[in-house]
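Novice: Kindly generate the corresponding structure for this input.
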Amino acid sequence: MRTLFIWLLCHLVVVAASPVVWTGVADGYVGDSFWTLSDVGQIGVIAICLSGLLTVATVNAWKTLAILRMSHHRWRISVWLLDVVLGLGVFAIAYVLSPQVFYSFYQQLFPSLPDQWVIDSAANWTKLLKVTSPRHGASLSDHIAGIAMGGIVLFTAYLHRR
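Specialist: Presented below is the predicted three-dimensional model:
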């Protein structure tokens with residue numbers, strides 16, 4: 001339970017350190033498609049986001065603990081950097097695959113949507129690079145992704161410190 005609290009705290013630190021996110025929250029992310037959804041749709045999107053974040057955090061925690069078991073030098077910078085790079089790789093895979101998960105959910109909300117593959121890996125990799133630094137005018141999903149990425153780095157540092 002303490003580890004889950006620290007994971008959440010890492011993400012809150014990233015949010016607190018990102019004034020761009022606060023501007024987006026204050027402005028209400030005007031024009032973001034999230035606000036066009038029904039209450040059920042919004043709750044579903046939030047549930048998918050939280051499930052995805054917790055899954056990525058769990059995989060990263062297992063990965064870090066495995067790396068720490070294999071390494072005798074917890075704070076050797078090379079071990080930590082390898083762990084962070086692998087963690088960001090796990091995040092990147094989840095980020096690239098997530099549009100299909102959300103589209104499948106939207107098909108439940110809007111049955112007229114056709115069955116299709118919506119993942120465009122080239123576009124998603126390009127978008128992933130933009131998410132690395134929060135910017136004004138970005139969507140709510142971009143800011144959530146940026147927060148998750150920063151949280152992974154802080155959480156990995158915490159696990160190495162233990």
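
Novice: what distance separates stretch 27-43 from the centre of its chain?
Specialist: 18 Å (CA atoms, centre = their mean, to the nearest Å).

Novice: Same question for stretch 33-51.
Specialist: 15 Å.

Novice: now swap in stretch 58-75 and tell me
Specialist: That offset, for stretch 58-75, works out to 20 Å (CA atoms, centre = their mean).

Novice: Check stretch 48-65 too.
Specialist: The mean C-alpha position of stretch 48-65 is separated from the chain mean by 9 Å, CA atoms, centre = their mean.

Novice: For that stretch, which outside residues touch it?
Specialist: Applying CB atoms under 8 Å, 6 or more residues apart in numbering, the set of residues contacting stretch 48-65 from outside is 3, 7, 11, 83, 86-87, 90-91, 94, 98, 101-102, 105, 144, 148, 151-152, 155-156, 159-160. Just so you know, the C-beta spots here come from the backbone N, C-alpha and C atoms, and that holds for glycine as well.

Novice: mean confidence for that stretch?
Specialist: Across stretch 48-65, pLDDT averages out at 89.

Novice: go on, stretch 94-106?
Specialist: Stretch 94-106 comes out at a mean pLDDT of 90.

Novice: Same question for it: list its buried residues.
Specialist: Buried residues in stretch 94-106, counted by 16 or more other CB atoms under 10 Å: 94, 95, 96, 98, 99, 102, 105, 106.

Novice: got a list of contacts for that stretch?
Specialist: 44-45, 48, 52, 55-56, 113, 116-119, 121, 124-125, 128, 131, 145.

Novice: go on, stretch 6-17?
Specialist: So stretch 6-17 is contacted by 21-22, 53, 57, 61, 146-148, 150-151, 154-155, 158 (CB under 8 Å, 6+ apart).

Novice: Weed out the non-buried ones from the contacts of stretch 48-65.
Specialist: Using 16+ other CB under 10 Å, the buried members of those are 7, 11, 83, 86-87, 90-91, 94, 98, 102, 105, 144, 148, 151-152, 155-156, 159-160.
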